[in-house]
Structure formats: C-alpha cells, structure tokens
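Enquirer: Only the shape, not the letters, is given here:
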C-alpha cells in the first residue's frame, strides 16, 4: 500500500504511481493499493494488480493552511473522515508494506491512528519515502519540529527511502537530523522516469513518438 496526501501539485502522486507501476510489472506478483487525495488518479493506466482508493480532497492554500476542496466540511471533519478511511483500508487490505510519501504523519496528522495500528502489527513494514531536496534546511527543521516528525519516524518507521543521490545532495547532513534518524536512511538514486512510457495509452504513445526523441523507449 502506498499513501500520499496529494493536497497540492502532482509530484507525490506521480512518484507513488511510478513505484506502483514498477512493482506491478515486477516478479513479485503483488497486489498494490494506492491511497491518493487526487480525484483523477484512477484515469491513469495501471498494470494488473494495482488499484486506487481516492480520499475526499483537501486543498493547501498559499498561506500553508488546509481546507476541504469540494465538501462543505470543516477541516477537522475532513481530517477525521480521511483518517478513518485510511485506517479502515489498512486494516482490511492488510498490506505487507506501507509506503508513506513525504509527510510522516500524513496531512494534519491524519495517519496517526493508522501508524498506531501498524505498530501493533509486526507483519506490516512501514517505510517513509522522501525526495532528497525537501526545502531549505531552516524551513525543514521548523516544519518537522511543528509536526513532531522526528518522533513519528523514530517510533513508527523501520526505514526511510531517499529518492536521490547523496553524492549530489545529502539530506543527512543538510538538515541536521539526529543520528538514529539518519541511520534509517537509504539513498535509492533517482527514479527512472522513462519507465512511465510502458504504461501510456496508444494515443499518448503515438504523440510521444511523433516528437522523435532519441531516448524514447530506451
């Protein structure tokens, strides 16, 4: 199972989608459920064994505050609703691995009940996935302290996947993280974006081939 809050932009959803596509076409023969806050996520081609659960949408305003994107619910009600959906899905799906993208506790802490449940289930491995450059160091330290992310990583996550190259940008030193947190980090390198081409529709594929890019399909 892969989770991303998807309150702003497409980066988190695209990253989880690429991971799901790679796993879905591997020899693992895995069932993969993507939990996404983006309503149009289910229109993207997926391999067999991969499906979406779309959450009621949140929106992140320019001032950093969250609000409901479409429903006339207060923020607290939206977070409670999304939190219950996520936790129920995890309990029903019983994943072997839960991969959380970017935000250790989820949007406004909506993952907290799920993380507590996962911690009580030894067979569920909990992984945090992060891009290497999150923000400038002072902003990361401020935001992580406010969200109590260090405690979440320390108590709930077995490992952290960093989608980047530590020789180019080493977040372990850039963000001044504690030693027990950096010990959980593993740099995976940059994800191969060309793998997406194997999951395009015929019309999209034809449009891309018309551009005559030399690297297309390689």
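Expert: Noted; the coordinates are in hand. Keep in mind that what you see is a predicted model, and the values were worked out from it rather than measured.

Enquirer: ok, which stretches of the protein are strands?
Expert: 2-4, 32-36, 50-54, 58-60, 66-68, 97-101, 125-131, 159-163, 185-187 (DSSP state E).

Enquirer: So residue 34 versus residue 148, what's the distance?
Expert: 26 Å (CB to CB, to the nearest Å). Where you see a C-beta, it was placed from the backbone N, CA and C, and this is true even at glycine.

Enquirer: So between those two, which is more surrounded?
Expert: residue 34 (24 against 13; other CB atoms under 10 Å).

Enquirer: quick one: low-confidence parts of this structure?
Expert: 6-12, 39-45, 193-209, 211-218 (pLDDT under 70).

Enquirer: most centrally placed residue in it?
Expert: The centroid of the chain falls nearest to residue 101 when counting by CA atoms, centre = their mean (2.4 Å).

Enquirer: my guess is that residue meets residue 16, correct?
Expert: Yes: the pair residue 101 and residue 16 passes the contact test of CB atoms under 8 Å, sitting 5.6 Å apart.

Enquirer: Name the residues contacting each of those two.
Expert: Residues touching both residue 101 and residue 16 (CB atoms under 8 Å, 6 or more residues apart in numbering): 2, 3, 4, 129.

Enquirer: quick one, what contacts the first one?
Expert: Residues touching residue 2, when contacts are defined by CB under 8 Å, 6+ apart, comprise 16, 19, 20, 32, 33, 34, 35, 98, 99, 101.
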